[in-house]
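# Sequence first, then the predicted structure, then my questions.
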Amino acid sequence: MTKLTRLISNLLAGKKEVRDDATKNHTEGRCGEQAEWKFISGNGELHISGTGSTYDFFRTKEIPWEPFLPLIRKIIVEEGITYLGSRSFRYCSQLEEACLPRSLSQIGQHCFAYCSNLPSIQLPEGLSIIGKHAFTYCTSLQELACPSSLTQIGRSAFAHCSNLTDIKFQPVETIEIGSSCFSDCTKLAHIRLPERLTRLNRGLFQNCTSLMHVHIPESVSTIEDEAFKDCERLESITFPASVHNIGKQLFAGCHHLTSLTLPFPGCGTPASYHKFCELFGTTPDKEMRVVAQEQGNAMPDYYLPVSFSTLRIAEGCETIPPGNLYNCYMLKELHLPASLYLIGNNAFYNCAGLTAIYCHGKEPASVPEYAFNGVRKNVCRLFVPAGCRDMYRQDKSWQVFTHIEEMP
């Protein structure tokens, strides 16, 4: 081989090594201070290895495997990784499987957002925090099992998971679920919320159009605005006596709601609640019935379900404010607790649809003259505790009912 030939051969070999190094650097590299990544193009696998946290990818921090996002079908995160950074796998539209390690304690915000082909995710025991929007628009996700180590789920973390049908929570010490977390999960029909949850944040189940049954644990003390807004198939719900703060428009757009069990009939706290109708929406809705407020009242009209018929007020409620159920003419059955001792003026004004009132107090509550104006007292049957009929018949405020009967 001549000197010229050897020179040319060496130059070509050098170019090949440079090309190989460039290819290698393009399919693997660093993604954290002590974390590395590698993409295997043959089977569409992305491997994350090392220890500690991966980077958060926002602002000027670019996702190193971004060219491969449409090609990734499987993500394998190895033991040692404790945190998956923000936006790490966002828009992995072909992702079908994600293997997460037990060492993982936190998933960053938007981490798996828009992974529209991901049917399931195994959240490992040890995971404590899921960031906001972490799985939003994972439209193929069907089931979700939350580990007992989970203490926080961020805002809108599973919003728009339109095929999610089953959510299971393990017993936990404490947990916080962010606002709108499950909003627009349109196939979710049933959910049992975890014990020790203390609040239902704003819009938690908004537009869950298939939701029919929700179990709310005794630990809940606050339910924020619009928590069940536009849950069209929700038929009945019970708020435990532990609830001491109720938000507005919780049931706006709940077209098929038939019954409610509430610690007190209105928004606010036991000391501040006023209008029952504030639990519903103010946007005109042709599938609902308009409930007009008192003339001169600055409050807007409200729209209640045509099907709404039964209201149960739980033990512990002591007063019904004036005008509380004003014009709720679709209401048919009303349950009043034994703890009730005072009913305000016009509290049940024009509740003309009432056919039964169940009073559980052995002594009649104090009632002003106009509390039952508009109630058809010759049609509505008043049920009282056994042995108390004569006491109610002798009370001038309750004797106006034609039919007073004792409960078994």
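Noted; the coordinates are in hand.

# When you work out contacts or count neighbours from here on, use the C-alpha atoms and nothing else.
OK.

# any chance you could map the helices in the protein?
Per DSSP state H, the chain carries helices over the ranges 3-27, 389-394.

# which residues of the stretch 151-300 of the chain score low on pLDDT?
Scanning the stretch 151-300 of the chain for pLDDT under 70 picks out 295-297.

# Let's see that with 90 instead.
Counting by pLDDT under 90, the stretch 151-300 of the chain shows low-confidence ranges at 171-174, 274, 292-300.

# Pick out the shakiest of the helices of the chain, pLDDT-wise.
The minimum mean pLDDT among these belongs to helix 3-27 (a mean of 47).

# wait, isn't residue 236 in contact with residue 254?
No: if you go by C-alpha atoms under 8 Å, residue 236 and residue 254 don't touch, sitting 10.1 Å apart.

# Neighbour count for the two, which is higher?
residue 254 (27 against 17; other C-alpha atoms under 10 Å).

# which non-adjacent residue is nearest the more buried one?
residue 232 (4.5 Å; C-alpha to C-alpha, 6 or more residues apart in numbering).

# quick one: the one you found from residue 367, how far?
36 Å (C-alpha to C-alpha, to the nearest Å).

# try residue 275
Residue 275 is 18 Å from residue 367, by C-alpha to C-alpha.

# so how far is stretch 196-208 off the chain centroid?
Centroid separation for stretch 196-208 versus its chain: 3 Å, with C-alpha atoms, centre = their mean, to the nearest Å.

# what about it, how long is it end to end?
23 Å.

# Any idea how many residues pack against residue 145?
Residue 145: 15 neighbours (other C-alpha under 10 Å).

# So what pairs up with it in the strands?
residue 168 (DSSP bridges).

# Would you confirm that it contacts residue 164?
No: between residue 145 and residue 164 there is no contact under C-alpha under 8 Å: 11.3 Å.

# if I pick the closest residue to residue 374 other than its chain neighbours, what's in contact with it?
Distance criterion C-alpha to C-alpha, 6+ apart; nearest residue to residue 374, sequence neighbours excluded, is residue 350 at 4.0 Å. Residues near residue 350 by C-alpha atoms under 8 Å, 6 or more residues apart in numbering: 326, 327, 328, 329, 372, 373, 374, 375.

# Any chance of those residues in CSV with neighbour count, pLDDT and distance to residue 247 as columns?
Listed next are the contacts of residue 350 as CSV, based on neighbours: other C-alpha atoms under 10 Å; pLDDT from 0 to 100; distance: C-alpha to C-alpha, whole Å:
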residue, neighbour count, pLDDT, distance to residue 247
326, 23, 93, 19
327, 23, 94, 21
328, 25, 95, 19
329, 21, 94, 23
372, 24, 94, 27
373, 17, 94, 28
374, 18, 94, 29
375, 19, 96, 28
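
# so can I have a markdown table of the residues you listed showing distance to residue 355?
A markdown table is the format used below for the contacts of residue 350 (distance: C-alpha to C-alpha, whole Å):
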| residue | distance to residue 355 |
| --- | --- |
| 326 | 16 |
| 327 | 15 |
| 328 | 13 |
| 329 | 11 |
| 372 | 13 |
| 373 | 14 |
| 374 | 12 |
| 375 | 9 |
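
# follow-up on the earlier one: I'd like to know how far the residue nearest to residue 374 sits from residue 383.
20 Å.

# do residue 87 as well
Counting by C-alpha to C-alpha - residue 87 and residue 383 are separated by 60 Å.

# next one: residue 95
60 Å.

# again with residue 131
51 Å.

# Quick check: closest non-adjacent residue to the most centrally placed residue in the chain.
For the chain, the residue nearest the mean C-alpha position is residue 204 (2.6 Å; C-alpha atoms, centre = their mean). Residue nearest to residue 204 in three dimensions, not counting chain neighbours: residue 180, with 4.1 Å by C-alpha to C-alpha, 6+ apart.

# Got the phi and psi for that neighbour?
The phi and psi values for residue 180, taken as degrees, to the nearest 10, are phi 60, psi 20.

# That one - how many residues pack around it?
Neighbours of residue 180 using other C-alpha under 10 Å come to 27.

# Tell me which residues touch it, please.
Per C-alpha under 8 Å, 6+ apart, neighbours of residue 180: 155, 156, 159, 201, 202, 203, 204, 205, 206, 227.

# tell me how far the ends of stretch 246-254 are from each other?
End to end - C-alpha to C-alpha - stretch 246-254 spans 17 Å.

# Ok, stretch 137-146 next?
18 Å.

# Sort out which residues of it are buried, please.
Under the neighbour-count criterion of 16 or more other C-alpha atoms under 10 Å, stretch 137-146 has 137, 138, 139, 140, 141, 142, 143, 144, 146 buried.

# just checking, which of the residues you listed belong to strands?
143, 144, 146 (DSSP state E).

# Columns distance to residue 34 and pLDDT on top of these, output as TSV?
Supplementary listing: those in TSV, determined by distance: C-alpha to C-alpha, whole Å; pLDDT from 0 to 100:
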residue	distance to residue 34	pLDDT
143	33	95
144	30	96
146	28	96
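
# want to throw these into TSV with distance to residue 101?
Formatted as TSV, those follow (distance: C-alpha to C-alpha, whole Å):
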residue	distance to residue 101
143	19
144	17
146	15
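
# Return the member of these nearest to residue 315.
Closest to residue 315 out of these is residue 146 (33.4 Å), distances taken as C-alpha to C-alpha.

# Count the neighbours of the nearest residue in space to the closest one that is not next to it in sequence for me.
Among residues not flanking residue 146 along the chain, residue 169 sits closest, at 5.0 Å (C-alpha to C-alpha, 6+ apart). Number of residues near residue 169 (other C-alpha under 10 Å) recorded here: 16.
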